[in-house]
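Peer 1: 3D, please:
(chains A and B)
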Amino acid sequence: LAKTTQPISMDSYEGQEVNITCSHNNIATNDYITWYQQFPSQGPRFIIQGYKTKVTNEVASLFIPADRKSSTLSLPRVSLSDTAVYYCLVGDRNTGFQKLVFGTGTRLLVSP
Amino acid sequence: DTEVTQTPKHLVMGMTNKKSLKCEQHMGHRAMYWYKQKAKKPPELMFVYSYEKLSINESVPSRFSPECPNSSLLNLHLHALQPEDSALYLCASSQSGGPSTDTQYFGPGTRLTVL
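Peer 2: Residues are numbered from 1 along each chain as shown, chains lettered A, B, ... in the order given. As a prediction, the model looks like this:
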């Protein structure tokens, strides 16, 4: 499985757009990119998943350039409740199971 | 219902105790997972069950013994644990036991403390 590199932490203010970038230089052809959010003492929660270009859902957008060696999670107009750890994961959709290998994650702190 | 439940929420046990963690889902998922998470660290995969059969064991010590009685239930039996086993134990499930991009749904975890 490809390894991921993320910034350890980020700070933002309420109402701002936050972009968290993940580097996955050795991503393979079959790998897809998934982001999870985790609050303290809770299980991770799926945010978004993509393979290429741009994916958008009701909470976030995921931008993936053509070479797929990086990806950017975009959170529009964050609020205090978006303070959490965000994990980027890269996994092979053709393996037997969703074997998730979490990276170190990015701690996002949203201030008033 | 997209909920994975775990019991107990908190557990304190001695090194000679035997205890069990329980996980349940009613989403019809056929794959279930156990993860271990230490403080300020990412979750680490321990076991994967697919169609009630153990499919992945990430070289977990034998003092951790998983069990999948049916497709909705997953247990983790604990025996002779060490203080360093204290962690948040997370259960997850996903729709298919085969190749897929299905989302993994996580439970809230059991906070385990080994004295």
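Peer 1: list phi and psi for the residue of chain B found nearest chain A.
Peer 2: Here the residue of chain B nearest chain A is B:Phe106; by CB to the nearest CB that distance is 2.8 Å. Glycine gets a C-beta too; all of them are placed from N, C-alpha and C. Main-chain torsions, B:Phe106, degrees, to the nearest 10: phi -100, psi 150.
Peer 1: what's the closest non-adjacent residue to B:Gln6?
Peer 2: Distances taken as CB to CB, 6 or more residues apart in numbering or on different chains put B:Gly107 closest to B:Gln6, at 4.0 Å, once the chain neighbours are dropped.
Peer 1: distance of that neighbour from A:Asn25?
Peer 2: B:Gly107 sits 33 Å away from A:Asn25, going by CB to CB, to the nearest Å.
Peer 1: the residue nearest to A:Ser79 when sequence neighbours are not counted and chain B, how far apart?
Peer 2: Take A:Ser79 and drop its neighbours on the chain: the residue closest to it by CB to CB, 6+ apart is A:Glu14, 5.7 Å away. Separation of A:Glu14 from chain B (CB to the nearest CB, to the nearest Å): 25 Å.
Peer 1: the lowest-mean-pLDDT helix or strand in chain A pairs with which strands?
Peer 2: Lowest mean confidence among the helices and strands of chain A (mean pLDDT, DSSP states H and E): strand A:84-92, at a mean of 87. For strand A:84-92, the paired strands and their directions (DSSP bridges) read strand A:31-38 (antiparallel), strand A:106-111 (antiparallel).
Peer 1: okay, now the unreliable bits of chain B?
Peer 2: B:1-2, B:97-101 (pLDDT under 70).
Peer 1: for it, what lies in contact range of chain A?
Peer 2: Contact residues of chain B with respect to chain A, defined by CB under 8 Å from any CB of the partner chain, are listed as B:4, B:31, B:42-45, B:48, B:50, B:55-56, B:88, B:90-92, B:94, B:97-109, B:111.
Peer 1: number of residues surrounding the residue nearest to B:Ala80 when sequence neighbours are not counted?
Peer 2: Leaving aside its sequence neighbours, B:Ala80 sits nearest to B:Arg63 (CB to CB, 6+ apart; 5.0 Å). Using other CB atoms under 10 Å in any protein chain shown, the number of residues around B:Arg63 comes to 14.
Peer 1: what sits against the residue nearest the centre of chain B?
Peer 2: Central residue of chain B (CA atoms, centre = their mean): B:Trp34, 2.9 Å from the mean position. If you count contacts by CB atoms under 8 Å, 6 or more residues apart in numbering or on different chains, B:Trp34 has them with B:23, B:45-47, B:66, B:74, B:76, B:89-91.
Peer 1: now those residues: which count as buried?
Peer 2: Buried members of those, scored by 16 or more other CB atoms under 10 Å in any protein chain shown, are B:23, B:45-47, B:66, B:74, B:76, B:89-91.
Peer 1: among these, which are in strands?
Peer 2: Assignment to strands by DSSP state E places the following of the buried ones among the contacts of B:Trp34 there: B:23, B:45-47, B:66, B:74, B:76, B:89-91.
Peer 1: just flag the most distant two among the residues you listed.
Peer 2: The span of those, defined through CB to CB, is set by B:Cys23 and B:Leu45 at 14.4 Å.
Peer 1: where do the strands of chain B begin and end?
Peer 2: Read by DSSP E, chain B holds these strands, from start to end of the chain: B:4-7, B:10-13, B:18-25, B:31-37, B:44-50, B:53-57, B:64-70, B:73-79, B:87-94, B:105-106, B:110-114.
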